[in-house]
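Student: Any chance you could fold what I've pasted below:
(one chain, ligands or ions: 1)
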Amino acid sequence: MSDYIVRATAANNQIRAFAATTKEMVEHARTAHNTSPVATAALGRLMSAGAMMGIMMKGDKDILTLQIQCSGPIGGITVTADSKGNVKGYVNNPNVLLHANAKGKLDVGGALDMGVLSVIKDLGLKEPYVGQVELKTGEIGDDLTYYFASSEQVPSAVGLGVLMDKGNTVRRAGGFIVQLMPFAEESVIVQLEKNLAEITSVTSLLDQDYTPEMILEKLLGNLDMEIKETVPTQFYCNCDKDRVSKALISIGERELRALIRGGKEIELNCHFCNTNYNFTVEELKELYRRAR
Ligand code: ZN
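Tutor: Residues are numbered from 1 along each chain as shown. The predicted model follows:
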């Protein structure tokens, strides 16, 4: 089954909601970056959120970046998503290994520890929108809930989960985001809170093979839910040799000349998908000609 996001509304548009299954995406990231289990969980949770937050944007060319800089051993996480379900991301230290937390789960909060979450939206305006909050628990779902409430003033519930198999491949990944619109009535809020209280963890729902539709049904089934659309989502990096060449040209003549004088083939790495690009001295000379 391929990954997808379901977008829904409920209670006559007083609630908007998203749920996603992202197993293939997270497994792709795990393979590309060779991430440890706790790094896979951290990256997978942020990528799942990025996928859903990406499709909240309206413009075809809008780009969302979620960035965590933190003091824990993972160092940081960067995720970028577009408005069509394409997501890419990486962690600073993919090898981080930690014991399970007190609940016997992968200790994402321990891997992140203290830090800052930045939400950057490039909506094609002069300046990108930037929202920033301190990490609350470092479990990512909680941190995004806090971000939505404090930076966007939208009361939200965010649940994210990544489950690993015994062989450390990704068994299930996904999550949900539910948001209350400003005009939501008290009775709707009370019912939604009741529904949310019945969900102990997304991971346990994923473990019971809940699809995004089933998660939404559990959250909003008694609130006149309407499914609006289903959007495919995937790990996708738009890098290629031409883009990397342009980046190389942009470092300037002097630096290029220094590389050529070095007389060695160079290797550049795309952080997002971990692809290496090699440039021979001849190719560097060609780029030098283009740079001048
Ligand atoms: Zn790439």
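Student: Need the nearest residue in space to F183, chain neighbours excluded.
Tutor: Spatial nearest neighbour of F183, excluding adjacent residues (Cβ to Cβ, 6 or more residues apart in numbering): Q14 at 6.5 Å. Glycine gets a C-beta too; all of them are placed from N, C-alpha and C.
Student: pLDDT below threshold where in the stretch 1-150 of the chain?
Tutor: 1 (pLDDT under 70).
Student: can you give me the strands in it?
Tutor: Assigned by DSSP state E, counting those that start in this stretch, the strands in the stretch 1-150 of the chain fall at 4-10, 15-21, 63-70, 76-82, 86-91, 115-122, 129-134.
Student: Would you mind telling me which of the ones you listed is nearest the ion?
Tutor: strand 86-91 (6.8 Å; Cβ to the ion).
Student: by contact count, what packs against the closest one?
Tutor: Judged by 3 or more Cβ pairs under 8 Å, 6 or more residues apart in numbering; DSSP states H and E, strand 86-91 is in contact with helix 23-33, helix 37-54, strand 76-82, strand 234-235.
Student: Any chance of TSV for the ones you listed, columns distance to A102 and mean neighbour count?
Tutor: What follows is the helices and strands packed on strand 86-91, written out as TSV (distance: least, Cβ to Cβ, whole Å; neighbours: other Cβ atoms under 10 Å):
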stretch	distance to A102	mean neighbour count
helix 23-33	24	22
helix 37-54	15	28
strand 76-82	23	23
strand 234-235	31	20
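Student: Ok, which of the ones you listed comes nearest N195?
Tutor: Across the helices and strands packed on strand 86-91, N195 has its closest neighbour in helix 37-54 (18.4 Å, Cβ to Cβ).
Student: what angle sits between the closest one and strand 4-10?
Tutor: For helix 37-54 against strand 4-10, the angle by axes from the mean of the first three to the mean of the last three Cα atoms, to 10 degrees is 50 degrees.
Student: So which residues on this protein come close to the ion?
Tutor: 237, 239, 270, 272-273 (Cβ under 5 Å from the ion).
Student: 8 Å instead?
Tutor: Applying Cβ under 8 Å from the ion, one finds that the chain approaches the ion through 88, 237-239, 270-275.
Student: out of those, which are buried?
Tutor: 88, 237, 239, 270, 272-273 (16 or more other Cβ atoms under 10 Å).
Student: Using a markdown table, lay out the residues you listed together with secondary structure.
Tutor: Converted to a markdown table, these look like this (DSSP: H, G, I helix; E, B strand; the rest coil):
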| residue | secondary structure |
| --- | --- |
| K88 | strand |
| C237 | coil |
| C239 | coil |
| C270 | coil |
| F272 | coil |
| C273 | coil |
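Student: for these, which one is nearest A32?
Tutor: C273 (5.5 Å).
Student: rewinding a little: Q208: which of the strands of the stretch 1-150 of the chain is closest?
Tutor: strand 15-21 (13.1 Å).
Student: Which elements pack onto the closest one?
Tutor: strand 4-10, helix 37-54, strand 170-180, helix 212-220.
Student: how about those, which one is nearest A149?
Tutor: Shortest distance between A149 and the helices and strands packed on strand 15-21, using Cβ to Cβ, is found for strand 170-180: 10.1 Å.
Student: Given that closest one, what are its sheet partners and their directions?
Tutor: strand 15-21 (antiparallel), strand 156-164 (antiparallel) (DSSP bridges).
Student: quick check: mean pLDDT across it?
Tutor: Average pLDDT, strand 170-180: 98.
Student: Now do the buried residues in the helix or strand that that strand is followed by.
Tutor: Next helix or strand after strand 170-180 toward the C-terminus (DSSP states H and E): helix 186-197. With burial defined by 16+ other Cβ under 10 Å, the residues of helix 186-197 counted as buried are 188, 191-192, 195.
Student: ok, now stretch 234-254?
Tutor: Within stretch 234-254, the residues that count as buried by 16+ other Cβ under 10 Å are 234-237, 239, 244-245, 248.
Student: Now do the nearest residue to L98 once chain neighbours are set aside against the ion, distance only.
Tutor: Leaving aside its chain neighbours, L98 sits nearest to D107 (4.6 Å; criterion: Cβ to Cβ, 6+ apart). D107 sits at a distance of 29 Å from the ion (criterion: Cβ to the ion, to the nearest Å).
Student: Please apply the same query to L163.
Tutor: Noted for L163: a distance of 26 Å to the ion, by Cβ to the ion.
Student: I appreciate the help and will end here.
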